[in-house]
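Asker: Here's a sequence, model it:
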Amino acid sequence: MKEHIMRKLLLGTFIILFGFTLSGFTATEDKPIRIFISADMEGIAGAIEPNQIIDGGMEYQKFREIMTNEVLAAIEGARAGGATEFVVADAHGGMQNLLFDRFPDDVEIVRGSPRPHGMMEGIQDGHFDGAIYVGYHASSANIKGVRAHSFSSANFSEVTLNGLAVSEGYFNAALAGNYGVPVIMVTGDQAATDEVADTVGDMEKAVVKKSISFHSARTLTPNAANKIIRAKAKTAVERMRIGDFKPFIIKGPISMQITTHYYQPAELLAYLKSVSRIGGRTIEYIGDDMLDLSTFKEFLAHYSLGLKP
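Answerer: Numbers count the residues shown, from 1 in each chain. So this is what the prediction gives:
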């Protein structure tokens, strides 16, 4: 009789414990997994020169399709890894490149500029579990990347944070870190993907081309690139779900130095009390946090005395 009662007690304990475990498992599985995607264009497969990535260029429409398909591949892979919600920021040029009617109904697209968070606009709207870069390029300080530049190829020669010359991937990772979001994957040429991972930290890398020079690369076909992106995105989300990635955080105050192509912007900006001119074409702005730096950078990249109402 005592053995029978003991078995009942053990069975009851097991059921209770199993119930708690199952309940916890279900709650975890039901929790939305939100992914933010920032999509640039210079780093997509095949892109090597302006006529492919600038509106009005001979091949621009074709490369809009390639860009769109790479982002869709990232979404498909991330879904396979368990992601359930997506916001995609069109982050190249005028930021109206993606063929947004090609996306699933449950994906939201951020389009147009200017905007305070630049390439990461939308990252501030609710918590994201991870961020993915698609089509990223190397910084202006990197001598190996295809179409390497930092934010504004028309205006900026170099951007530094706390004395380090940074890529868009580095800056944007710190901006995502401002909201507690880790970057889990980057796609682009090998110089760009290595640069981001080496400075920000471990992440999945999908290399879709290998740079030969500023306007030359050995590239995968679009289909081959999409396969790699899909596979890497799946792995990235799976790793993210077990805690492999941490937000990249730079604590304020943060010094940002921007070197412009011409002397006059630096000269005029120095009239502002918040700006110091530290070189013929270089200014320094010290911000409280990454959002502060992002809004200043976006203002500087877009403002012109010739703007019309």
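
Asker: Contact partners for residue 39?
Answerer: 67, 70-71, 88-92, 97-98, 133-135 (C-beta atoms under 8 Å, 6 or more residues apart in numbering). All C-beta atoms are positioned from the backbone trio N, CA, C, and that covers glycine.

Asker: Show only the entries of those found in helices.
Answerer: Among the contacts of residue 39, the ones falling in helices (DSSP state H) are 67, 70, 71.

Asker: Of these, just the buried ones, PyMOL syntax please.
Answerer: Selection of buried members from the ones in helices among the contacts of residue 39 for PyMOL, criterion 16 or more other C-beta atoms under 10 Å:
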select buried, resi 67+70+71
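
Asker: how about the contacts of residue 39 in TSV, adding pLDDT and distance to residue 188?
Answerer: Output for the contacts of residue 39, formatted as TSV (pLDDT from 0 to 100; distance: C-beta to C-beta, whole Å):
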residue	pLDDT	distance to residue 188
67	98	12
70	98	10
71	98	13
88	98	16
89	98	16
90	98	16
91	98	12
92	96	12
97	98	15
98	98	16
133	98	7
134	98	8
135	98	6
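
Asker: Out of the residues you listed, which end up buried?
Answerer: Buried among those (16+ other C-beta under 10 Å): 67, 70-71, 88-92, 97-98, 133-135.

Asker: For the residue nearest the centre of the chain, give me its contacts.
Answerer: Central residue of the chain (C-alpha atoms, centre = their mean): residue 133, 3.7 Å from the mean position. By C-beta under 8 Å, 6+ apart, residue 133 lies in contact with 37, 38, 39, 40, 169, 172, 183, 185, 186, 187, 188, 196.

Asker: Please identify the one among the residues you listed that lies nearest to residue 80.
Answerer: residue 185 (13.3 Å; C-beta to C-beta).

Asker: Just after the helix or strand containing that closest one, pick out the following helix or strand.
Answerer: Under the criterion of DSSP states H and E, residue 185 resides in strand 183-189. Per DSSP H and E, the first helix or strand lying C-terminal to strand 183-189 is helix 190-200.

Asker: So what touches that next one?
Answerer: 43, 133, 136-139, 142, 144-146, 148, 164, 166-167, 169-170, 173, 183, 186-187, 203, 205-207, 209-211, 248.

Asker: Can you point out the buried residues in it?
Answerer: Buried-residue list, helix 190-200, by 16+ other C-beta under 10 Å: 190, 191, 192, 193, 194, 195, 196, 197, 199, 200.

Asker: so that helix versus strand 183-189, what angle?
Answerer: Between helix 190-200 and strand 183-189, the angle comes out at 150 degrees (axes from the mean of the first three to the mean of the last three C-alpha atoms, to 10 degrees).

Asker: In contact with residue 204, which residues?
Answerer: 184, 185, 186, 232, 233, 235, 236, 239.

Asker: Which of these are buried, as a ChimeraX select command?
Answerer: A single ChimeraX command is used to select the members of the contacts of residue 204 judged buried by 16+ other C-beta under 10 Å:
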select :184,185,186,232,233,235,236,239
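
Asker: quick check, nearest of the contacts of residue 204 to residue 105?
Answerer: Once C-beta to C-beta is applied, the member of the contacts of residue 204 that ends up nearest residue 105 is residue 233, at 19.8 Å.

Asker: what about the closest residue to the closest one other than its chain neighbours, how many residues close to it?
Answerer: In space, and not counting its chain neighbours, residue 233 is closest to residue 77: 3.0 Å by C-beta to C-beta, 6 or more residues apart in numbering. Burial of residue 77, expressed as a neighbour count using other C-beta atoms under 10 Å, amounts to 27.

Asker: Kindly confirm my reading that residue 77 is in a strand.
Answerer: No: assignment of residue 77 by DSSP: H, G, I helix; E, B strand; the rest coil gives helix, placing it outside any strand.

Asker: Now do the helices for the stretch 201-309 of the chain: every range, in order, please.
Answerer: Assigned by DSSP state H, counting those that start in this stretch, the helices in the stretch 201-309 of the chain fall at 222-241, 263-269, 290-302.
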